[in-house]
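Asker: Got a predicted structure plus its sequence, pasted below:
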Amino acid sequence: MSALPERVAIIANDPISGEGAAAYLRAAPRYAVMAPAEVPRADVLLVIVPEVREKTLLDLARIRRTTLAPDVRAVLVADRIEKAELSRLGGFGLSAVLYRGSATREKILDALAARVPAAEPEEVRATRLTNEFRASEGEARYPRGFLDRHRLQSREVEILGLLADGFGTVEIADRMAYSERTIKNIISTLLVRFDLRNRSHAVAYALRTGII
């Protein structure tokens, strides 16, 4: 006897995103797409928004309280997550967080299948989900061949671009939701790896080699 398909409720702020995700899922026998009025019966929530703010997470918490399943999971797909919300991703039943620009059908299906580890502390989960989001964002912005060719990580390319735009360490840390020490360490690592004298030399190197 085959298992019943998992019920997925799609919550999107625009019809194109919602209908596109529904089309993805209708081709997958493992999932059944719920009508908007059937959200309380969902096993998984697929939330698609351009930006995650405090209200986004509060709305997600409210929706989860209306569901019949006590352990309903949630997958979040977004273009941007505000810095203050990154540390809060460990709650709300989130099992995966994806950058919308790299959220292919296969990645969405994999994310929906993911489970929330029962023994994972919320702080650890928040860090893991933040790293996953940043990794998927980097994949969309910088193809793997590009990063491999230049021996770089996506966050290193972003930092070089911000340095070229005239931003200082504190401003870069704030924009990227990292600590100031982390940004300094990344820049220092770049200088050593490419035998560069200072930040100006790093920017010049990045421009000359086509990194930025």
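Answerer: Perfect, thanks for sending it.
Asker: Leaving out sequence neighbours, find the closest residue to residue 142.
Answerer: The shortest distance from residue 142 to any residue other than its chain neighbours is 4.9 Å, reached at residue 154 (Cβ to Cβ, 6 or more residues apart in numbering). In short, each C-beta sits where N, CA and C put it, glycine included.
Asker: Actually, residue 184.
Answerer: residue 169 (5.9 Å).
Asker: that older thread, share the number of residues neighbouring the residue nearest to residue 142, please.
Answerer: Neighbours of residue 154 under the rule other Cβ atoms under 10 Å: 19.
Asker: and it, what pLDDT?
Answerer: On the pLDDT scale, residue 154 is placed at 83.
Asker: right, and it touches residue 141 too?
Answerer: Yes - between residue 154 and residue 141 a contact is recorded at 6.2 Å, counting by Cβ atoms under 8 Å.
Asker: returning to that earlier point: what about the residue nearest to residue 142, distance to residue 101?
Answerer: 12 Å (Cβ to Cβ, to the nearest Å).
Asker: Likewise for residue 71?
Answerer: Residue 71 is 30 Å from residue 101, by Cβ to Cβ.
Asker: any chance you could read off phi and psi for the most centrally placed residue in the chain?
Answerer: Nearest to the mean C-alpha position of the chain, counting by Cα atoms, centre = their mean, stands residue 133 at 2.3 Å. Taking degrees, to the nearest 10, you get phi -60, psi -50 for the backbone angles of residue 133.
Asker: so what pLDDT did it get?
Answerer: 89.
Asker: Skipping adjacent residues, who's closest to it in space?
Answerer: Residue 133 sits nearest to residue 97 (Cβ to Cβ, 6+ apart), 4.5 Å away.
Asker: Can you show me the strands along this structure?
Answerer: Applying DSSP state E to the chain gives strands spanning 6-12, 31-33, 44-52, 73-81, 94-99.
Asker: With residue 190 as the reference, measure out to the residue nearest to the centre of the chain.
Answerer: For residue 133, the distance to residue 190 - Cβ to Cβ - is 23 Å.
Asker: do the same with residue 130
Answerer: Using Cβ to Cβ, we find residue 130 at a distance of 22 Å from residue 190.
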